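Q: Return atomic coordinates for the entry below.
(one chain, ligands or ions: 1)
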Amino acid sequence: MLTVRGLEKHYPITEGLLRREVGRVRAVDGVDFELRRGETLGLIGESGCGKSTAARSLLHLDEPTGGTVAFDGDEVGEFDRQRRRRFRRRAQLVLQNPTSSFDPRLTIGESVAEPLEIHGMTDASTRRAVVEDTLERTGLQASMADRYPHELSGGQKQRAALARALVLDPDLVVADEPVSALDVSVQAEIIALLRRLVSTFELSLLVISHDMGVVRELCDRVAVMYAGEIVERGPVESVFERPQHPYTRALVAAVPTPDPRAEPRPFDLHGDVPDPAEFPDGCRFHPRCPAVIQPPDADLQQREWQRIVAFRAAVDAGQVDPEALVSAVEVDVSVDTDTSGGIDASADADAASDASSPSPPPSATTAIRAAYDLPTLDDDERSSALSTAVDAVSSGDADHASEILEDAFPTVCIRENPSLRPTDLGHAAACHLHGEVRETETEAKNGAGESGVTSSDEA
Ligand SMILES: Nc1ncnc2c1ncn2[C@@H]1O[C@H](COP(=O)(O)OP(=O)(O)OP(=O)(O)O)[C@@H](O)[C@H]1O
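A: The predicted model follows:
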């Protein structure tokens, strides 16, 4: 039904009167997936990963800047006006917020009938009959056609929004966060309705969601999106039971469990999705990745290694601002002094001071080490490299710091962006833990134990 290859949506960043292009927001950056007839695919990821942009681009509501979308074997980008119109009828988008997607001045019947009118159904009584029939299929009474949007509950409005999408009898529905604006009890009803609609009408459904629970309930297959790319893809059971990408593991681990005694999960996600105007080099998840790979000759504790890699990413991106960090520590110190009379004992001698006297300002190196929670390393050579790099950043020479860190703390995760490839489990993941590099980079320390990536997980 739908084959998406290398889908790209870049927005230019322009400057000056001549609107010179100075950069690009890579909201969607080479996305591949397929959707079969009657199948439901979930596209998941945190806010800002590019899911909605991918949906709009594949429907050509926003023209993609690269890649191809084939619908029933034909390339949508090459459609003439007439075929584009037919495509619009056969592929519908349902948005998250049913309230804002209805014109408050129109009755529900008028809104649902609008697409019929646009696509040439001129007879009002036929339109009315089709609208009533479609409303009933989505579990609403036909009489709802005469109500106004404000007279409907959130769940009723979402049913009406689905009716409006289904009224033209489409083959493909893209539902962007179809239940996230609804109460939990209503969510379950809409999920059940969507399931029924898919099987009754042999619809292909693409569900965009940040909610793993919704995707698990509704979808046959899932594609996990991070920073404009698909990082894992496969059948829902397989991906959710045996996630192979550290990002997917983190998403799965973040799903709340109903058991209050449950052990805290080892895969908490820290930090934010990267700015799509400035993705980090290599694997875009590496600054947040608990399983980021160590070079063969390193034997650091994985958490320490991870903190150094996150620091390296911040230095490379020019994000370490020594002055701002010193001010932040000063503020912290003054707050701590007011309440507990001292600062965190982990700060070094610059900052440690008598509780009764005002603390001297911390040095820039102290502030940097504290902000990035940089460890003291047993490995003398690397310890000294880290100190030299911190000194270089604190004196404003981030480029030199980058070079030192690159030499002393190399990782394939920064060198190369892994492509999506089959894992031992069969479904695909884009992670250096799966692939040829695994042979050359150290394996056991890559997350076994602390990161939770064990050889049995990979088998
Ligand atoms: N028109 C635009 N111009 C520039 N940047 C944009 C534009 N539209 C989206 N973006 C950026 O693209 C990135 C992806 O946005 P998108 O809305 O697709 O993410 P999402 O995963 O759907 O998140 P959410 O669930 O919050 O909508 C964001 O960083 C966003 O700021």
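
Q: For this structure, which residues are neighbours of the ligand?
A: Neighbours of the ligand within the chain, by Cβ under 6 Å from any ligand atom: 11, 25, 27, 45, 47-53, 210, 276. Glycine gets a C-beta too; all of them are placed from N, C-alpha and C.

Q: quick one: average pLDDT of stretch 410-425?
A: Average pLDDT, stretch 410-425: 92.

Q: That should have said stretch 279-286, apologies.
A: Stretch 279-286 shows a mean pLDDT of 94.

Q: How about stretch 5-15?
A: Stretch 5-15 comes out at a mean pLDDT of 95.

Q: Give me the buried stretch members for it, please.
A: 7-10 (16 or more other Cβ atoms under 10 Å).

Q: likewise stretch 164-174?
A: Neighbour-count burial for stretch 164-174, counted by 16+ other Cβ under 10 Å, picks out 164-168, 170-174.

Q: Which members of these occur in strands, if any?
A: The strands, defined by DSSP state E, take in 172-174 from the buried residues of stretch 164-174.

Q: Out of those residues, the closest to the ligand would be?
A: Using Cβ to the nearest ligand atom, Val174 is the member of those that lies nearest the ligand, at 12.0 Å.

Q: and that closest one, bridged to which residues?
A: Leu93, Leu206 (DSSP bridges).

Q: ok, now which ones touch it?
A: By Cβ atoms under 8 Å, 6 or more residues apart in numbering, the contact set of Val174 is 55, 58-59, 91-94, 205-206, 208.

Q: What's the separation between whichever residue of the stretch 151-300 of the chain sits closest to the ligand and Gly67?
A: Residue nearest to the ligand within the stretch 151-300 of the chain: Pro276 (4.7 Å; Cβ to the nearest ligand atom). Using Cβ to Cβ, to the nearest Å, we find Pro276 at a distance of 16 Å from Gly67.

Q: between those two, who's got more neighbours?
A: Using other Cβ atoms under 10 Å, the more surrounded residue of Pro276 and Gly67 is Pro276, with 22 against 19.

Q: Where does the more buried one sit: helix, strand or coil?
A: In three-state terms, and counting by DSSP: H, G, I helix; E, B strand; the rest coil, Pro276 is coil.

Q: before we move on, what about Arg24?
A: Secondary structure assignment for Arg24 (three-state DSSP): strand.

Q: What residues are bridge-paired with it?
A: Beta-bridge partners recorded for Arg24 (DSSP bridges): Pro12.

Q: Which of the buried residues of stretch 5-15 sits closest to the ligand?
A: Minimum distance to the ligand across the buried residues of stretch 5-15 is 8.0 Å, recorded for Lys9 (Cβ to the nearest ligand atom).

Q: From the chain's centroid, how far away is the helix or strand containing that closest one?
A: Secondary structure assignment for Lys9, by DSSP states H and E: strand 2-15. Offset of strand 2-15 from its chain centre (Cα atoms, centre = their mean, to the nearest Å): 16 Å.

Q: Also stretch 25-42?
A: 13 Å.

Q: Do a quick rundown of the strands in this structure.
A: 2-15, 20-35, 40-44, 66-71, 74-75, 91-94, 172-176, 204-209, 221-226, 229-235, 421-422, 428-429.

Q: Partner strands of the third one and their direction?
A: Think strand 40-44. Strand 40-44 sits in its sheet next to strand 204-209 (parallel), strand 221-226 (parallel), going by DSSP bridges.

Q: For those, give me CSV that also has mean pLDDT, mean neighbour count and distance to Asp397.
A: CSV is the format used below for the strands paired with strand 40-44 (pLDDT from 0 to 100; neighbours: other Cβ atoms under 10 Å; distance: least, Cβ to Cβ, whole Å):
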stretch, mean pLDDT, mean neighbour count, distance to Asp397
strand 204-209, 95, 25, 44
strand 221-226, 97, 25, 32
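
Q: possible to save the ones you listed as a markdown table with distance to Ala430?
A: As requested, these are exported to a markdown table (distance: least, Cβ to Cβ, whole Å):
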| stretch | distance to Ala430 |
| --- | --- |
| strand 204-209 | 19 |
| strand 221-226 | 9 |
